[in-house]
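# take a look and give me a structure for this.
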Amino acid sequence: MDINLKLEDIILLLKEEKFVEAHDVLEELWREYKNQESTREESFILKAFVNASVSIELYNMQRFEHSNNVWNTYLKYENLIDDLKSINNINYKKIKEIIYKKREKYIK
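Prediction:
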């Protein structure tokens, strides 16, 4: 499957608040990207999103400390979303926006 289609699936899953399912698709993409030299750096963006989706789900499970720890891992790589040039930047920015909206909804 094309990465843009997978990213569009992830966007839909996040909008529908299916964080575990989004995590699974993100992790699959991350595994593909981390093993290729040409996409290795971009894999860190996917890793960030894996952690962000997990963070929200952990918060929903009232595992607040774990949620914060995983969120900090997201923050470690978040800057790459804006700094790294990729054909996927538009979808990455959409995912980032959705993640913040969902996080604000749950984590007050």
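# for the chain, just list every one of the helices.
3-15, 19-34, 40-60, 64-83, 89-106 (DSSP state H).
# E27 contacts V50, doesn't it?
Yes. Assessed by C-beta atoms under 8 Å, E27 is found in contact with V50 at 5.3 Å. Every residue, glycine included, has its C-beta placed from N, CA and C.
# between the two, which has more neighbouring residues?
Using other C-beta atoms under 10 Å as the criterion, E27 and V50 rank with V50 on top: 24 against 16.
# okay, now the unreliable bits of the protein?
Within the chain, the segments meeting pLDDT under 70 span 1, 108.
# same thing but 90
Applying pLDDT under 90 to the chain flags residues 1-5, 60, 85-86, 105-108.
# residue contacts, the residue nearest to the spatial centre of it?
Compute the mean C-alpha point of the chain, and by C-alpha atoms, centre = their mean the closest residue is F49, 1.5 Å away. Going by C-beta atoms under 8 Å, 6 or more residues apart in numbering, F49 touches I10, A22, L26, Y74, Y92, I95, I99.
# which of the residues you listed has the most neighbours?
In terms of neighbours by other C-beta under 10 Å, the contacts of F49 top out with A22 at 29 neighbours.
# and the closest residue to it other than its chain neighbours, what is it in contact with?
The shortest distance from A22 to any non-neighbouring residue, by C-beta to C-beta, 6 or more residues apart in numbering, is to L13 (4.0 Å). By C-beta under 8 Å, 6+ apart, the contact set of L13 is F19, E21, A22, V25.
# what is the burial count for the closest residue to L58 other than its chain neighbours?
Distances taken as C-beta to C-beta, 6+ apart put S67 closest to L58, at 3.9 Å, once the chain neighbours are dropped. Neighbourhood size, S67 [other C-beta under 10 Å]: 21.
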